[in-house]
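Engineer: Quick one: sequence plus predicted model below, questions after.
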Amino acid sequence: MKKNFVSIGILALVIVNIVLTAIMMFSVMSTNKKTAKLITDIATAINLELVDGSTAAEDEVATISMADIQIHTIADMTIPLKQGLNADGTPDTKDHFALLSVSLSMNTTNEDYETYGADIATKEDLIKGVINEVVSQYTVDEAKNNSAGICDEILKKIQGLYNSDFIFDVKFSSALFQ
């Protein structure tokens, strides 16, 4: 007889446990749905898109086929850098230089590639001037820590020079700052 009471007690506790777990799950799920809706409303209000964080330029680069990309490399440019400050705040009197090889990525399907891209080697001195102008504005520490920003600035100036975006990416294929 005692075994039956213990079995009934265990069965009752199991049923109570299942009921309380179900109640807890429904309350947590409704709270979770409300939180997700709130976050979506806030993102909509401040005009954020819920995406992976890539920019439009990265999306454009991703859509260009590798077969449609032509690379032009400008090798071994030595560019004097702006003098900065030492750690103690005194002016740095040493001359600093950047030894760069710059790769320009061109979209061969762009309508301006036929006009400008095919003979880019003949206008290489203009591009070197832009690169020199941009890089020489930076100190050695700024150049070491901001090479991506420098590449972006070079890209914008070259696109402005050609008044076209057939050159869609600029990278340092090698960079040595001293």
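Structural biologist: The structure has been received and is ready for your questions. Numbers count the residues shown, from 1 in each chain.
Engineer: Need phi/psi at residue 101.
Structural biologist: Here is the backbone geometry of residue 101 (degrees, to the nearest 10): phi -120, psi 120.
Engineer: these two touch, right, it and residue 172?
Structural biologist: Yes: look at residue 101 against residue 172 with C-beta atoms under 8 Å: they come within range, at 6.9 Å. Placement of C-beta: from N, CA and C, glycine included.
Engineer: The two: which has the busier surroundings?
Structural biologist: Between residue 101 and residue 172, counting by other C-beta atoms under 10 Å, residue 172 is the more crowded of the two (19 against 15).
Engineer: ok so, going back, what's the overlap in contacts for residue 101 and residue 172?
Structural biologist: The contact sets of residue 101 and residue 172 do not overlap (C-beta atoms under 8 Å, 6 or more residues apart in numbering).
Engineer: Now residue 157: closest residue in space that isn't a chain neighbour?
Structural biologist: Excluding the flanking residues, the one nearest residue 157 by C-beta to C-beta, 6 or more residues apart in numbering is residue 130, at 4.8 Å.
Engineer: which residues sit against the one helix or strand that neighbour maps to?
Structural biologist: Using DSSP states H and E, residue 130 maps to helix 124-135. Residues outside helix 124-135 that contact it (C-beta under 8 Å, 6+ apart): 74, 77, 79, 81, 98, 100, 102, 104, 120, 143, 150, 153-154, 157-158, 161.
Engineer: just checking, next helix/strand downstream of that helix?
Structural biologist: With DSSP H and E, the next secondary element past helix 124-135 is helix 140-145.
Engineer: now that next one, how far from the centre of its chain.
Structural biologist: Relative to the chain's own centre, helix 140-145 is displaced by 19 Å; criterion: C-alpha atoms, centre = their mean, to the nearest Å.
Engineer: For the remainder of this discussion, apply numbering that starts at 28.
Structural biologist: OK, 28 is where the count begins now, so the last one is helix 167-172.
Engineer: May I see the buried residues of it?
Structural biologist: 167, 169, 170 (16 or more other C-beta atoms under 10 Å).
Engineer: ok, now stretch 134-149?
Structural biologist: Residues 134, 137, 140, 143, 144, 147 are the ones in stretch 134-149 that count as buried (16+ other C-beta under 10 Å).
Engineer: which helix of this protein spans the most residues?
Structural biologist: helix 29-72 (DSSP state H).
Engineer: if we can go back for a sec, could you report the neighbour count for the residue nearest to residue 184?
Structural biologist: 18.
Engineer: need the contact list for residue 125.
Structural biologist: Contacts of residue 125 by C-beta under 8 Å, 6+ apart are 104, 105, 106, 108, 162, 167, 170, 202, 203, 204, 205.
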